[in-house]
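Q: Test case, fold it:
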Amino acid sequence: MLVKLLIRWGIVAASLVVAVLLVPGITIEGNSAWFAVAVMAVILGFVNAIIRPILALLSCGCIVATLGLFILVINAFTLWFSSWIANQLNIGFNVDGFWPAFWGGIVISVVSFLLSLLIPGDKES
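A: Have a look, this model is predicted:
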């Protein structure tokens, strides 16, 4: 159980690194970049576990009307909100607006999905 949690945390952290490298507007400030990514992965995990289901439930009409595309907006909001929390804690992980959050959410989702495919035995039954 703990190993699975650590693997998921590592996948999210790696996805955040890819987003920082690919998406202009997502930056890490300060000397401790790895620390910022590690803490941001934890924050994003908590926001995705707590806030994201509430947002999906409240906006289920929009999700259905857009054939699921509104989930991209929810992903952008959760990334932006996680960045805001990190800034309040002086972590140094910044997302500069909606469009960097939107593209960053897509990059993080795709990279997380692809890395999850590489993990043996991680398939849900």
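Q: for residue 81, what are its contacts?
A: Contacts for residue 81 (C-beta atoms under 8 Å, 6 or more residues apart in numbering) come out as 47, 51. In this view, the C-beta of every residue, glycine as well, is placed from N, C-alpha and C.
Q: tell me which element it is part of?
A: helix 70-88 (DSSP states H and E).
Q: now swap in residue 68 and tell me
A: According to DSSP H and E, residue 68 maps onto no helix or strand at all.
Q: Let me see the ranges of the strands in this protein.
A: Using DSSP state E, the strands found in the chain span residues 26-28, 93-95.
Q: Let me have those strands in a markdown table, adding mean pLDDT, mean neighbour count and distance to residue 19 as columns.
A: Compiled in a markdown table, these are given as follows (pLDDT from 0 to 100; neighbours: other C-beta atoms under 10 Å; distance: least, C-beta to C-beta, whole Å):
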| stretch | mean pLDDT | mean neighbour count | distance to residue 19 |
| --- | --- | --- | --- |
| strand 26-28 | 94 | 19 | 5 |
| strand 93-95 | 94 | 24 | 9 |
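Q: which ones are touching the closest residue in space to residue 108 that isn't next to it in sequence?
A: Among residues not flanking residue 108 along the chain, residue 15 sits closest, at 4.4 Å (C-beta to C-beta, 6 or more residues apart in numbering). By C-beta under 8 Å, 6+ apart, residue 15 lies in contact with 107, 108, 109, 111, 112, 115.
Q: Out of these, grab the one that's most surrounded.
A: Counting neighbours by other C-beta atoms under 10 Å, the top entry in the contacts of residue 15 is residue 108, with 23 neighbours.
Q: Flag the shaky bits of this protein, pLDDT-wise.
A: In the predicted model of the chain, residues 121-125 satisfy pLDDT under 70.
Q: 80 instead, please
A: Within the chain, the stretches with pLDDT under 80 are 1, 120-125.
Q: Just the helices from it, written as ranges.
A: Counting by DSSP state H, residue ranges of the helices within the chain are 2-22, 33-58, 60-65, 70-88, 98-117.
Q: before we move on, back to that, return the set of buried residues in the helix holding residue 81.
A: 70-71, 73-83, 85-86 (16 or more other C-beta atoms under 10 Å).
Q: Please consider this matter closed, and thank you.
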